[in-house]
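A.B. asks: with the sequence up front, the predicted model follows.
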Amino acid sequence: MSRVGKKPIPIAKGVKIEKSNGTVKVKGPKGELTVEVKPEITLTIKEEEVVLERPSDSRQHKSMHGLYRALIDSMVTGVTTGYQKKLEIVGVGYRAEMKGEKLSLQLGYSHPILFSLPPEITVEIPAPTQILISGIDKQLVGQVAAKIRSMRPAEPYKGKGIKYEGEYIRRKAGKTAAK
């Protein structure tokens, strides 16, 4: 049996899980999320936990079993506490600011980059060199953080660019002078 899939998902207080026509809805204090579950995976909703089961030990069923358990667990966590990613901007003159509903980034190019944010995501800028991305959908928060980081990833010589908080940038030695 799948190590991830066999664990029951604990339901936090204030969270409601509903299943109808292959769709699982998770409602909580922060919002509502849905996911489509294949009909082969059976979902049993009890008072304090949700248990997923698969029909056979085939490779396909094993992978779906763990996947859907992880997705539903992430949804329960998202609607109760939410997710957040922190980005750091390193470099002289590099900064970020909010302009209305868009994120404006000065990253050493000749023009500022305007990044449109999805409505489900909130962005805070505690300092001009820090970006805090938060939301209830784990996948969407990570995707937005990755897109912002891809505008100017940290380079290995001086470390200039956008990096995740706590990310280690492996440095390279520059060119050495001849003779």
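C.D. replies: Yes, it's here. Residues are numbered from 1 along each chain as shown.
A.B. asks: what residue is smack in the middle of the protein?
C.D. replies: Centroid-nearest residue in the chain: G142, 2.9 Å away (criterion: C-alpha atoms, centre = their mean).
A.B. asks: hmm, K85 and that residue touching each other?
C.D. replies: Yes: under the criterion of C-beta atoms under 8 Å, G142 makes contact with K85 at 6.6 Å. Yep, even glycine has a C-beta here, placed from its N, CA and C like the rest.
A.B. asks: picking that back up, quick check: the residue nearest to the centre of the chain is in a helix.
C.D. replies: Yes: G142: assigned to a helix according to DSSP: H, G, I helix; E, B strand; the rest coil.
A.B. asks: wait, what's in contact with it?
C.D. replies: Neighbour list for G142: 83, 85 [criterion: C-beta atoms under 8 Å, 6 or more residues apart in numbering].
A.B. asks: how about the helices in this protein?
C.D. replies: Per DSSP state H, the chain carries helices over the ranges 59-80, 138-150.
A.B. asks: K138 and L52, how far apart?
C.D. replies: 18 Å (C-beta to C-beta, to the nearest Å).
A.B. asks: please apply the same query to E165.
C.D. replies: According to C-beta to C-beta, E165 and L52 sit 33 Å apart.
A.B. asks: follow-up on the earlier one: ranking the helices of the chain by mean neighbour count, which comes first?
C.D. replies: Of all the helices of the chain, helix 59-80 has the most neighbours on average by mean count of other C-beta atoms under 10 Å, namely a mean of 18.
A.B. asks: quick one: Q143 from A127, how far?
C.D. replies: 24 Å.
A.B. asks: and what of A12?
C.D. replies: Taking C-beta to C-beta, one finds A12 at 32 Å from A127.
A.B. asks: coming back round to it: where among the helices of the chain is average confidence lowest?
C.D. replies: Least confidently modelled of these is helix 59-80, at a mean of 92 by mean pLDDT.
A.B. asks: so how far is that one from its chain's centroid?
C.D. replies: Remark: helix 59-80 is offset 14 Å from the chain centroid, using C-alpha atoms, centre = their mean, to the nearest Å.
A.B. asks: what angle do helix 138-150 and it make with each other?
C.D. replies: Put simply, helix 59-80 runs at 80 degrees to helix 138-150, going by axes from the mean of the first three to the mean of the last three C-alpha atoms, to 10 degrees.
A.B. asks: which helices and strands sit right next to helix 59-80?
C.D. replies: The helices and strands touching helix 59-80, judged by 3 or more C-beta pairs under 8 Å, 6 or more residues apart in numbering; DSSP states H and E, are strand 9-10, strand 23-28, strand 31-36, strand 49-53, helix 138-150.
A.B. asks: CA atoms only for the longest one, dumped as PDB, please.
C.D. replies: Output for helix 138-150, consisting of C-alpha atoms alone and laid out as PDB, is shown next (Å, rounded to 0.1, in the frame of the first residue of the first chain):
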ATOM      1  CA  LYS A 138      -0.300  25.700  -2.800                       C
ATOM      2  CA  GLN A 139       0.400  25.100  -6.500                       C
ATOM      3  CA  LEU A 140      -0.600  28.700  -7.500                       C
ATOM      4  CA  VAL A 141       1.500  30.300  -4.800                       C
ATOM      5  CA  GLY A 142       4.500  28.300  -5.900                       C
ATOM      6  CA  GLN A 143       3.900  29.000  -9.600                       C
ATOM      7  CA  VAL A 144       3.600  32.800  -9.100                       C
ATOM      8  CA  ALA A 145       6.800  32.800  -7.000                       C
ATOM      9  CA  ALA A 146       8.600  30.800  -9.700                       C
ATOM     10  CA  LYS A 147       7.400  33.200 -12.500                       C
ATOM     11  CA  ILE A 148       8.600  36.200 -10.500                       C
ATOM     12  CA  ARG A 149      11.900  34.600  -9.800                       C
ATOM     13  CA  SER A 150      12.400  33.700 -13.500                       C
END
